[in-house]
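> Requesting a structural model of the entry that follows:
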Amino acid sequence: MGAIEYKTKNILGISISKERNMFVAERFLSNIVDEYGYHLFLQTVVHGIRKLVDF
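Residues are numbered from 1 along each chain as shown. Predicted structure coming up:
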């Protein structure tokens, strides 16, 4: 559900369920995998700096 200001049509607020957020995230990630393929990355921290290591 959302709230829209009548005259300017600005979005005043929006509420999206956790399930809807998860659905949107799953669709987004699925599209990324379809476009670029599946890659496994490992995140490491060295001296406080995060790095992604590709396998």
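> from here on, contacts and neighbour counts on C-alpha atoms
Will do.
> Could you grab the helix/strand/coil label for Ile16?
The local conformation at Ile16, judged by DSSP: H, G, I helix; E, B strand; the rest coil, is coil.
> Which helix or strand contains Ala25?
Following DSSP states H and E, one finds Ala25 within helix 18-36.
> average pLDDT for that helix?
In this model, helix 18-36 carries a mean pLDDT of 87.
> Show me which residues of that helix are buried.
By 16 or more other CA atoms under 10 Å, helix 18-36 has no buried positions at all.
> Quick one: list the elements packing against that helix.
If you count contacts as 3 or more CA pairs under 8 Å, 6 or more residues apart in numbering; DSSP states H and E, helix 18-36 packs onto no helix or strand.
> For that helix, what is the distance to the chain centroid?
Relative to the centre of its chain, helix 18-36 is centred 7 Å away, using CA atoms, centre = their mean, to the nearest Å.
> Same check on stretch 9-21?
15 Å.
> again with stretch 30-44
13 Å.
> what does stretch 4-12 give?
Using CA atoms, centre = their mean, the offset of stretch 4-12 from its chain centre is 26 Å.
> Using CSV, write down the CA coordinates of that stretch.
C-alpha atoms of stretch 4-12 as CSV (Å, rounded to 0.1, in the frame of the first residue of the first chain):
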residue,chain,number,x,y,z
ILE,A,4,0.3,9.7,-3.0
GLU,A,5,-0.1,13.4,-2.6
TYR,A,6,-3.3,14.5,-4.5
LYS,A,7,-2.1,17.6,-6.3
THR,A,8,1.6,16.9,-7.1
LYS,A,9,1.3,13.1,-7.3
ASN,A,10,4.4,12.7,-5.1
ILE,A,11,4.8,9.5,-3.2
LEU,A,12,4.4,10.2,0.5
